[in-house]
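Enquirer: sequence and predicted structure below; questions after.
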Amino acid sequence: MAHTGVQLRVHVCAVGFTSHAQWATGLARASNHSITVTITPPDRWKWRMQCAAIEFAHEAAGADVVLVDGMLDVSVLAAELRRVPTAPTIVVYMHENQLTTPFVAGDRDVRQNTHWHYGAANYRTLLAADVVLFNSASHLDQFAKALPAMIRQQCPHDTVQWHVDRAAALLGTRCAVVPIGFDFSALDSDAAIDQSPTDRNRGLAVPAQPVSVAGTHTATADPDPDTPPIPVILWNARLEEDKDPAAFVAILHELSKARVPFQLIVLGDDPTKGQRWYAQFRADFAEQLLFCGFCDSPDAYGRWLRRADVLVSTAQHETLGAALLEACHCGVVPIVPDRLSYPEVLCASVLTESHRSALIYADPSGCRSKLEAMLERVARRDPTLDGLRVELRAVAARFSWGVVGPVYDRVICAVRDGATAPEAVAVAAAVADAGDGGASEASHGFDIRVLAEPTDPAVAQYRPKSLRDHKLFHQQRATLAAAGERPAVHGGRRAVTRMLQARALGRPVRPLSFLCTEDLLKAVLVDSSGAAKEADEGGPGEQHPAVVVHTASKEMLEEVRGQKLNTGDSIFALLSFPVSIPLEEIVANPPVLILENVRNAENIGSILRTAYCLGITSVVSSTAGWSALADTRAARCSMGTIYFHRLHYAADLGVALGELRRGGIRIYAAEIGPGAKPVHPHGPDKGWGLVLGNEDTGVTAETLQRCDCMVEIPQSSGDSLNVGHAAAISMFQLGSQVPPPDHDGSGHCE
């Protein structure tokens, strides 16, 4: 799916720190623009920050837009590019800033009080760039507070107010927030875990403890249901002062002292002299430690993440939270402080308030108490954690390149066209809210979301058995079932259109979400008769929130479904279906079709299509048939008429037959055998019901005893007719003395 109609030449310049390089290369892959990338080595960063931007001038001169890492002072680049007749637009991406990022203890510039020079370089960048993008709102807020403070401290008194005012104006017009994107797919690999990684700082092997217990939610073997699992705590940040590992260690000691059982995984760099943090973890928590070291490969890193249960952050500095998002994607529950970017990332629009309040703490004692409470929930296998993990994966999905890549593209186009940073981001957000189709949520009542990737947990219910994450699938199913939903996936344009029409007419079918191409979003969901009414009102007399619609290209839908799709049928619905209505409503609306152990979904769909065309819309089903009604094949074979039927689930079919007979309905059983009469007209009224049995074994003897009459279709040869054919002949013949319903020839179901 194209992100924008205009393709620009974009040159990206970045410093080779890991996260910075990943941003540059990830954007190049995700963008619809023509992007070239230049990455400079990360050594001697102080020199490179102040002088290296000029090195990119030659490559940048031929671009429409230059996107520059905030670790470079672009004022020198801007000065050089002024010589170019058609100077490119300069956009800066600020992963971090040098006013609020802590310097390493003992840094020479800190000792000499010259470290502010690098913050001044950020200020010069703000003066020279057309737009400066920050990776989070909290990061921009930190910079906006630190910049005037630095100016007041260092600027000569006669011009200080001018610079403060100038900075304030530029912060309002040139700065905006666009998060960094992530490619989470590498974390989902099933490659084997390397238990002896090498530390990239010193090239030495970092011993790891043998893995004895897997994380509870991704265990490699089925856990003993009678043995409480030992929760696994995760640390996956750098072991440096700004992440405050000392506070984390103190909390672990408190847990150990209180005899709280836990195990421990420590991932990330230890750049300290002698790798003292690695040494302390191995010495202090030898019995609990599953792993301690740096993973060179993303797949091994992902496997360790998926073995963990609870992440703890004690960070004093963070601009976004890559480690948090990676853990959330892998189903790890975070315990984080209520500062920095964490409350922003764990947003209230995705997480329920009860879940969110369990994750965010205010002080060290709150961290300890919330962590201990979460460990207890893991140990007792609290089923509500499944729903929380689903929400956390949705949090991470918002930051995938599939979601933020189109935002970058639109922002770049808008800035090139002269928009300010806030205007550009607002334009991108408005287009995204409209699903690229120009229809706003207010006009159609749907909550449209662009699908980031085929493995997005938001569409886990749409994936076939061979491709799905079974753990996630069943966690989501359990959450839906607890909410009283009976989720089923139905697909095809005709079926979905008829489902919406039936819903608008008050039939008990409830869509939970949709997955489709943008063309079918408009053609089926927005423009179909009754669709807008259904989405806005949720059926007569009801009010429901907007139904989520996930849009994607046809190619991505084929990846989700694992099959080739026709363009016109690239639409699916996750709906709560079938819904059982009271038997009294069936008794009041004869004739009645009764399905005893009819298992084949295609047969059921064909039978219901014929029944609907003959004016029979009341159906009673036993357990086997009830399961088949949820199958998308039944919906397709019924041509969508399945949604217009009144459906009742009979856990005890004998009891249901008794109620039907007491309601004045004569029960016929379609079955070959002694005593069967040729099927014949019931009479001039509709007070009859027809029992259809299993495709192989027919109607059971117990059910035959509860019927008023056994009927058969005379045959010249053969064992029996297909149940669908037998049903069609029997229903037509039984109702043949009742005047046929009016038909306008249009094929409409209303």
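Expert: Okay, I see it. Numbers count the residues shown, from 1 in each chain.
Enquirer: which intervals of the protein have sub-threshold pLDDT?
Expert: Applying pLDDT under 70 to the chain picks out residues 1-5, 189-226, 349, 427-445, 526-546, 741-750.
Enquirer: quick check, central residue of it?
Expert: A458 (3.1 Å; CA atoms, centre = their mean).
Enquirer: list the residues that contact it.
Expert: By CB atoms under 8 Å, 6 or more residues apart in numbering, the contact set of A458 is 394, 397, 449, 451, 513, 548, 550. (Each C-beta comes from the backbone N, C-alpha and C, glycine too.)
Enquirer: buried residues in stretch 119-136?
Expert: 119-123, 125-126, 128-136 (16 or more other CB atoms under 10 Å).
Enquirer: so what's the gap between that stretch and the chain middle?
Expert: 33 Å (CA atoms, centre = their mean, to the nearest Å).
Enquirer: can you get me the start-to-end distance on it?
Expert: Start and end residues of stretch 119-136 are separated by 18 Å (CA to CA, to the nearest Å).
Enquirer: same thing with stretch 98-110?
Expert: 12 Å.
Enquirer: run through who's touching it.
Expert: Outside stretch 98-110, the residues touching it (CB under 8 Å, 6+ apart) are 46, 49, 115-119, 121-122, 142-143, 146-147, 150, 240-242, 316-317.
Enquirer: list the buried residues in that stretch.
Expert: 98-100.
Enquirer: for P102, what are phi and psi?
Expert: phi -70, psi 140 (degrees, to the nearest 10).
Enquirer: can you tell me how far it is from D242?
Expert: Using CB to CB, to the nearest Å, P102 is found at 5 Å from D242.
Enquirer: same question for T567.
Expert: 52 Å.
Enquirer: so these two - more neighbours on which side?
Expert: D242 (15 against 10; other CB atoms under 10 Å).
Enquirer: name the nearest residue to that one, ignoring sequence neighbours.
Expert: H317 (3.9 Å; CB to CB, 6 or more residues apart in numbering).
Enquirer: report how many residues lie close to the one you found.
Expert: Applying other CB under 10 Å, I find that H317 has 16 neighbouring residues.
Enquirer: now do the same contact list for it.
Expert: 100-102, 242-243, 340.
Enquirer: cool, E96 as well?
Expert: 70-71, 139, 319.
Enquirer: on that earlier part again, adding distance to A611 and neighbour count, write the contacts of A458 out as JSON lines.
Expert: What follows is the contacts of A458, written out as JSON lines (distance: CB to CB, whole Å; neighbours: other CB atoms under 10 Å):
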{"residue": "A394", "distance to A611": "40", "neighbour count": "17"}
{"residue": "A397", "distance to A611": "42", "neighbour count": "25"}
{"residue": "R449", "distance to A611": "37", "neighbour count": "22"}
{"residue": "L451", "distance to A611": "37", "neighbour count": "25"}
{"residue": "S513", "distance to A611": "29", "neighbour count": "21"}
{"residue": "V548", "distance to A611": "33", "neighbour count": "16"}
{"residue": "H550", "distance to A611": "33", "neighbour count": "25"}
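Enquirer: closest one of these to V411?
Expert: Of all the contacts of A458, R449 has the smallest distance to V411: 18.8 Å, by CB to CB.
Enquirer: surely the closest one forms part of a helix?
Expert: No: read with DSSP: H, G, I helix; E, B strand; the rest coil, R449 is strand and lies in no helix.
Enquirer: partners of it in the sheet?
Expert: Beta-bridge partners recorded for R449 (DSSP bridges): H550.
Enquirer: show me what contacts it?
Expert: 435, 458, 548-551.
Enquirer: among these, which pair sits farthest apart?
Expert: Longest span within the contacts of R449, CB to CB: G435 and A458, 14.5 Å.
Enquirer: tally of neighbours for Q112?
Expert: Neighbours around Q112, by other CB under 10 Å: 8.
Enquirer: same deal with S365?
Expert: Around S365 there are 11 residues (other CB under 10 Å).
Enquirer: so what's the residue count around D165?
Expert: 11.
Enquirer: list the buried residues of the helix or strand where it lies.
Expert: Assigned by DSSP states H and E, D165 belongs to helix 160-173. Buried residues in helix 160-173, counting neighbours by 16+ other CB under 10 Å, are found at 163-164, 167, 170-171.
Enquirer: just the CA atoms of it, as CSV, please.
Expert: Written as CSV, here are the backbone C-alpha positions of helix 160-173 (Å, rounded to 0.1, in the frame of the first residue of the first chain):
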residue,chain,number,x,y,z
VAL,A,160,19.9,36.3,26.7
GLN,A,161,16.2,37.3,26.4
TRP,A,162,16.4,37.4,22.6
HIS,A,163,17.7,33.8,22.5
VAL,A,164,15.2,32.6,25.0
ASP,A,165,12.4,34.1,23.0
ARG,A,166,13.8,32.8,19.7
ALA,A,167,14.2,29.3,21.2
ALA,A,168,10.6,29.4,22.4
ALA,A,169,9.3,30.4,19.0
LEU,A,170,11.2,27.7,17.2
LEU,A,171,10.2,25.0,19.7
GLY,A,172,6.6,25.9,18.9
THR,A,173,6.9,25.9,15.1
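Enquirer: show me how far the helix or strand following that helix is from its chain's centre.
Expert: Next in sequence after helix 160-173, counting helices and strands by DSSP H and E, comes strand 175-177. Computed by CA atoms, centre = their mean, the chain-centroid distance of strand 175-177 equals 25 Å.
Enquirer: so which residues make contact with strand 175-177?
Expert: 126, 131-137, 139-140, 144, 411, 421-422, 424-425.
Enquirer: restricted to helices, list these.
Expert: Counted as lying in helices by DSSP state H, out of these, are 126, 137, 139-140, 144, 411, 421-422, 424-425.
Enquirer: which of those residues sits closest to G484?
Expert: A137 (36.9 Å).
Enquirer: my read is that the closest one contacts E344, right?
Expert: Yes: if you go by CB atoms under 8 Å, A137 and E344 touch, sitting 5.7 Å apart.
Enquirer: which element is V6 on?
Expert: Using DSSP H and E, V6 sits within no helix or strand.
Enquirer: contacting residues for it?
Expert: So V6 contacts C413 (CB under 8 Å, 6+ apart).
Enquirer: burial count for K677?
Expert: 10.
Enquirer: contacting residues for the spatially closest residue to it that is not a sequence neighbour?
Expert: Of all residues not flanking K677 in the chain, V711 sits nearest, at 5.6 Å (CB to CB, 6+ apart). When contacts are counted by CB under 8 Å, 6+ apart, V711 is found next to 668-671, 676-680, 730, 734.
Enquirer: how far away is the residue nearest to N603 when sequence neighbours are not counted from L608?
Expert: Leaving aside its sequence neighbours, N603 sits nearest to G724 (CB to CB, 6+ apart; 5.0 Å). Shown here: G724 relative to L608, a distance of 10 Å by CB to CB.
Enquirer: same question, R339
Expert: In this view, R339 and L608 are 58 Å apart by CB to CB.
Enquirer: pull the most distant pair out of the buried residues of helix 160-173.
Expert: H163 and L171 (12.2 Å).
Enquirer: can you map out the helices along the stretch 451-600 of the chain?
Expert: If you assign secondary structure with DSSP state H, counting those that start in this stretch, the helices in the stretch 451-600 of the chain sit at 470-482, 493-504, 518-520, 531-537, 554-561, 583-587.
Enquirer: ditto for the stretch 601-750 of the chain
Expert: Using DSSP H, counting those that start in this stretch, helices in the stretch 601-750 of the chain cover 601-613, 623-629, 632-637, 653-662, 701-705, 723-734.
Enquirer: in the first one, what's buried?
Expert: Which is helix 601-613. Buried, per 16+ other CB under 10 Å, within helix 601-613: 601, 603-613.
Enquirer: H20 against L67, yeah?
Expert: No: if you go by CB under 8 Å, H20 and L67 don't touch, sitting 11.9 Å apart.
Enquirer: more neighbours, those two?
Expert: A count of neighbours by other CB under 10 Å puts L67 above the other of H20 and L67, at 29 against 21.
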